[in-house]
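Engineer: Pasting the sequence and the predicted coordinates here, then a few questions.
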Amino acid sequence: MWMCFFCMTGQERSEKSECVSLSPMREAVPAPPEYERVCVFGTGDMGRSLGLRLLQAGYGVVFGSRRPQSSSLLPHRAQVLGHAAAAQSAHLIFIAVQREHYDFLVPLANQLKGKVLVDLSNNLRKNQYPEANAEYLQSLVPGAEVVKGFNTLSAWALQNGPSDANRQVYICGESAEAKQAVMAVATKLGFSALDRGSLSAAWELEDFPLQLFPQWRLPLRIAIGLCAAFFFYLLIRDIIYSYITQGKDISFRIMVSLANKVCPIVSLIMLSLCYLPGVLASFLQLYRGTKYRRFPDWLDRWMLCRKQLGLLALGFAFLHVLYTLIIPIRYYVRFKSTERTVSLIRENRTTEFDTTMAWRGDSYLSLGILGFGLYVLLGITSLPSVSNALSWREFSFVQSKLGHLTLLLCTAHTYLYGWNRFLSSSIYKWYTPPGYMLCLVLPSVVLLLKLLLITPCVDRTITRIRQGWERGADQRNPKDSQPLIP
Ligand code: NAP
């Protein structure tokens, strides 16, 4: 509740002299008295953004500052007091000050007794201090209830308000009531608060903002590794081979032709890597005859980064589409086409229309377009705002059924690209197969394994296992011998 000057205690009245109205506007528009008051220590980026959001949510905000007279850029309607006076004006105090300066709180121990202190602080690197910032704060002010929270949001995100991708606020602390109070504020600000347990979890929360794309690391490494491996493989097979065996310098092909070979190859392999762990997990469950045993850690980690693998695969497919679209405007292609037409005219020759080739070309392009269309659909449905709007059944239909169909279409697209060249010995330069042949191995294996899994007898067993049936349980407990699926 806001208090007027005359309702204050003697001590508060004397400290009110520290209070400074920063603009005539702020003085002219005092906060309505029914507002619940919250205090923010620190008038930096985080303090200001939080203060603004709290005001917008209907709270009365009192800033605690070292220099209340000179604080500027603060939101209108906020009060600015010295730390001691500000601490007494509210039960909940957000500490928007760097951890290095926390010792200023020690002389305020009396004023902070029984208050809820929300530690917003983050560090510059992991293990920067021997204890978590929130635990350090608690040791400085043992009479207060410290709650860690809001540190995973940036000042910018706070200012812009919660969005679908940035809605979660993590909270931890020893006192259930203190956490409840902080969670209530988070909810009123439009965030969804998640209780992560006691103050010992503060370590983990303080490490969150230091993580750099943790789930993207493995997929990115795979993508870079595949790109590098296939780039050098194709460089040797296409460019260096021509130079050594025919003395032809076709190094200009590196920029578009080579890139347009590497992109679809990496895309197809990464899409297969997206679906391979699911297939392996199914075979593991079949082998073990139960779903109640943990997958090995490597398989767990692999399954957790399938979304990132898929999105990177989509990125490479998109590049392949762009590279393919610019083919007709390439100088090399225009030159070759004109040269061929001129030579046909000079020799007074015509060429026969080859229906088979027309079928092949059209089918190749059509499967590519359909595959890419479904690829984009998979990408769109993996966005949180879209996937949140889908039921689990709809999501799994798109990601699993349509996902495997995408893999099938893209694999068929690549087989049509190879056509009958698989049998021609001239394409095996230096006894090495072309890149597109190599990249077909993994998707073909995944599709074959998936085909095995959807055969009725295997599918029936796997469905029973997923519904809780265990092999051998029938002998162990005769009551369980009823089949789950009649
Ligand atoms: P900042 O811009 O440097 O502001 C810190 C404020 O602390 C200053 O404006 C100052 O306010 C006060 N302060 C500075 N030295 C002090 C001292 N010796 N004693 C007492 N108070 C002092 O920092 P910030 O970006 O707002 O971050 C504040 C806290 O929030 C940090 O712990 C940070 O890790 C955390 N955080 C920040 C963000 C972000 O996006 N910025 C995101 C998450 C968490 P007065 O001059 O009014 O006293």
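Structural biologist: Done, it's in.
Engineer: Which helix or strand contains the residue of the chain positioned farthest from its centre?
Structural biologist: Relative to the mean C-alpha coordinate of the chain, counting by C-alpha atoms, centre = their mean, the farthest residue is Asn348 (60.8 Å). According to DSSP states H and E, Asn348 maps onto no helix or strand at all.
Engineer: Give the full set of residues in contact with it.
Structural biologist: Applying C-beta atoms under 8 Å, 6 or more residues apart in numbering, one finds that Asn348 lies in contact with no residue. From N, CA and C alone the C-beta is placed, and that goes for glycine too.
Engineer: now it: how far from Val342?
Structural biologist: 12 Å (C-beta to C-beta, to the nearest Å).
Engineer: about what we covered before: can you report phi and psi for the residue farthest from the centre of the chain?
Structural biologist: Main-chain torsions, Asn348, degrees, to the nearest 10: phi 50, psi 50.
Engineer: repeat for Ala389
Structural biologist: The phi/psi pair for Ala389 (degrees, to the nearest 10) is phi -90, psi -10.
Engineer: same check, this time on Val118
Structural biologist: phi -100, psi 120.
Engineer: Give me the local confidence score for the closest residue to it other than its chain neighbours.
Structural biologist: Leaving aside its sequence neighbours, Val118 sits nearest to Phe94 (C-beta to C-beta, 6 or more residues apart in numbering; 4.6 Å). Note on Phe94: pLDDT of 98.
Engineer: Show me what the strand or helix carrying Phe94 is in contact with.
Structural biologist: Using DSSP H and E, Phe94 sits in strand 92-95. Residues from elsewhere that reach strand 92-95 (C-beta under 8 Å, 6+ apart): 38-42, 47, 50, 64, 86-87, 102, 105, 112, 115-121, 137, 150, 181-182, 185.
Engineer: Number of residues surrounding whatever residue of the stretch 251-400 of the chain ends up closest to the ligand?
Structural biologist: Here the stretch 251-400 of the chain gets closest to the ligand at one residue, Pro384, 21.5 Å apart by C-beta to the nearest ligand atom. Pro384 has 10 neighbouring residues, counting by other C-beta atoms under 10 Å.
Engineer: cool, Arg67 as well?
Structural biologist: Here the number of neighbours of Arg67 (other C-beta under 10 Å) works out to 10.
Engineer: Check which helix or strand Val62 maps to.
Structural biologist: Here Val62, judged by DSSP H and E, is contained in strand 60-64.
Engineer: now the next helix or strand after that strand: how far from the chain's centre is it?
Structural biologist: Remark: after strand 60-64, the chain's next helix or strand is strand 79-81, criterion DSSP H and E. How far strand 79-81 lies from its chain's middle: 39 Å, per C-alpha atoms, centre = their mean, to the nearest Å.
Engineer: Show me which residues of the stretch 301-450 of the chain sit near the ligand.
Structural biologist: Contacts of the stretch 301-450 of the chain with the ligand, taken as C-beta under 6 Å from any ligand atom, are absent.
Engineer: Sketch out the strands for the stretch 301-450 of the chain, chain order is fine.
Structural biologist: Under the criterion DSSP state E, counting those that start in this stretch, strands are not mapped anywhere in the stretch 301-450 of the chain.
Engineer: if we can go back for a sec, how far away is the residue farthest from the centre of the chain from Tyr136?
Structural biologist: Taking C-beta to C-beta, one finds Asn348 at 90 Å from Tyr136.
Engineer: Identify the residues contacting the nearest residue to Ala178 once chain neighbours are set aside.
Structural biologist: Once flanking residues are discounted, Ala178 sits nearest to Glu145: 3.8 Å by C-beta to C-beta, 6+ apart. Taking C-beta under 8 Å, 6+ apart, we find Glu145 in contact with Gly114, Lys115, Val116, Leu117, Gly173, Glu174, Ser175, Glu177, Ala178.
Engineer: Also Leu442?
Structural biologist: Leu268, Ile269, Ser272, Leu273, Leu276.
Engineer: Please convert the residues you listed to CSV, extending it with secondary structure, neighbour count and pLDDT.
Structural biologist: Converted to CSV, the contacts of Leu442 look like this (DSSP: H, G, I helix; E, B strand; the rest coil; neighbours: other C-beta atoms under 10 Å; pLDDT from 0 to 100):
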residue, secondary structure, neighbour count, pLDDT
Leu268, helix, 25, 98
Ile269, helix, 24, 98
Ser272, helix, 24, 98
Leu273, helix, 23, 97
Leu276, helix, 20, 97
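Engineer: so where's the stretch 51-200 of the chain uncertain?
Structural biologist: Applying pLDDT under 70 to the stretch 51-200 of the chain picks out residues 163-166.
Engineer: Show me where it has its helices.
Structural biologist: Along the stretch 51-200 of the chain, the stretches classed as helices by DSSP state H, counting those that start in this stretch are 83-89, 109-112, 133-140, 155-160, 176-188.
Engineer: and the closest residue to Ser382 other than its chain neighbours, how many residues sit next to it?
Structural biologist: Take Ser382 and drop its neighbours on the chain: the residue closest to it by C-beta to C-beta, 6+ apart is Lys307, 5.2 Å away. Per other C-beta under 10 Å, the neighbour tally for Lys307 reads 18.
Engineer: how close does Lys307 get to Met270?
Structural biologist: From Lys307 to Met270 the distance is 12 Å (C-beta to C-beta).
Engineer: One more: Arg37?
Structural biologist: Arg37 sits 53 Å away from Met270, going by C-beta to C-beta.
Engineer: quick one: which of these two has more around it?
Structural biologist: Neighbour count, other C-beta under 10 Å: between Arg37 and Met270, Met270 has more, with 24 against 19.
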